[in-house]
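>>> I'd like to go over a predicted model; first the sequence, then the structure.
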Amino acid sequence: MFICGFILAGLDFRFKWLILPEWLSITAAVVFLLGYLLYAEVLRENTYLSRTVEIQENQKVIDTGLYGVVRHPMYLSTLLLFLSMPLVLGSLFSFIIFLIYPVIIIKRIKNEEQVLEKGLEGYSEYKKRVKYRLFPFIW
């Protein structure tokens, strides 16, 4: 999916199928940098991060910093990164392909929360304290 998006971005740039305004690319670059900074902060805050949904030995609920605002700040940062990247490259076609990513992330969050609620002590209480999964005041 992502490779297809990048190929489309390259073709879009090469053949100038659809040229986005410069202000949009600049705004997307700022959003990309914000997403990157958020991602770096998440890596600093949570040493239990893993590509697979699993409970690690001696794992504790992280509820400080970004995790005190939303329950899944890593996914928020990757959404910012992946949705801004095609616009930084100037490709609306790639952006449309990357709109599949939020759907994938929502499914993963729902699965991850089931696993954490069953296996991680204190996660149910954490969910009550931090109400938003991904976007503050929205979801």
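Arrived safely. Numbers count the residues shown, from 1 in each chain.
>>> State the number of residues packed around Ile19.
12 (other C-beta atoms under 10 Å). Bear in mind the C-beta positions are built from the backbone N, C-alpha and C, glycine included.
>>> Could you do Tyr75 as well?
Tyr75 is flanked by 21 other residues according to other C-beta under 10 Å.
>>> The one 4 residues further on too?
Other residues within reach of Leu79 by the criterion other C-beta under 10 Å amount to 19.
>>> now for the helix or strand harbouring it, which elements pack on it?
Per DSSP states H and E, Leu79 falls inside helix 73-88. Helices and strands touching helix 73-88, by 3 or more C-beta pairs under 8 Å, 6 or more residues apart in numbering; DSSP states H and E, are helix 2-15, helix 22-45, helix 92-98, helix 100-119.
>>> Need these in TSV (columns: distance to Phe135 and mean pLDDT).
Formatted as TSV, those follow (distance: least, C-beta to C-beta, whole Å; pLDDT from 0 to 100):
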stretch	distance to Phe135	mean pLDDT
helix 2-15	22	62
helix 22-45	13	93
helix 92-98	17	80
helix 100-119	11	88
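>>> Pick the most deeply packed of those helices.
Greatest average neighbour count among the helices and strands packed on helix 73-88 goes to helix 92-98 (a mean of 19), per mean count of other C-beta atoms under 10 Å.
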